[in-house]
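# Pasted the sequence and its predicted model underneath.
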Amino acid sequence: QLQLVESGGGWVQPGGSLRLSCAASGFTFSSYAMSWYRQAPGKERELVAAMVNPAGSTNYADSVKGRFTISRDNAKNTVYLQMNSLKPEDTAVYLCAARSRTTGIRYWGQGTQVTVSS
């Protein structure tokens, strides 16, 4: 059974940093494209960062470029999101997603809350 479990969220002051982790199980991790999304109250879910191909190419939302970094460790079946210089507008539930390169089906974790405030 495919499972994605996020961790690392919490409260941080503006300018601070957090590192999110997404532990994957139940599927061949290296065969899936991994990404992070976020959803703030009253807003649509948006793509934050993605690793778009096996070579490790990345794609970021304009709002997080230069501040967030996505990475993956295939040996640990884990994808990370390093978030620096956090802003109040980064407050949201952050969700990990795994998309099968074969079927295109996307699977979701349950999310982890990130709150940026003073």
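Perfect, thanks for sending it.
# my guess is Y80 contacts A24, does it?
No: using CB atoms under 8 Å, Y80 makes no contact with A24, being 11.7 Å away. Glycine gets a C-beta too; all of them are placed from N, C-alpha and C.
# who's more crowded, those two?
Each of Y80 and A24 has its neighbours counted (other CB atoms under 10 Å); A24 has more, 23 against 20.
# What is the subsequent helix or strand relative to the host helix or strand of the more buried one?
Element membership for A24 (DSSP states H and E) is strand 18-25. Elements were assigned by DSSP H and E; along the chain past strand 18-25, the next helix or strand is strand 32-39.
# Any chance you could list what contacts that next one?
20, 22, 24, 45-53, 70, 72, 79, 81, 90, 92-101, 111, 114 (CB atoms under 8 Å, 6 or more residues apart in numbering).
# how close does the most centrally placed residue in the chain get to F29?
Nearest to the mean C-alpha position of the chain, by CA atoms, centre = their mean, lies W36 at 2.6 Å. As judged by CB to CB, to the nearest Å, W36 and F29 stand 15 Å apart.
# likewise A50?
Using CB to CB, we find A50 at a distance of 15 Å from F29.
# So which residues of the chain form strands?
Ranges of strands within the chain are 3-7, 10-12, 18-25, 32-39, 46-51, 58-60, 68-73, 78-83, 92-100, 106-108, 112-116, based on DSSP state E.
# Can you lay out those as CSV showing mean pLDDT?
Output for the strands of the chain, formatted as CSV (pLDDT from 0 to 100):
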stretch, mean pLDDT
strand 3-7, 97
strand 10-12, 98
strand 18-25, 97
strand 32-39, 96
strand 46-51, 96
strand 58-60, 95
strand 68-73, 95
strand 78-83, 97
strand 92-100, 96
strand 106-108, 95
strand 112-116, 98
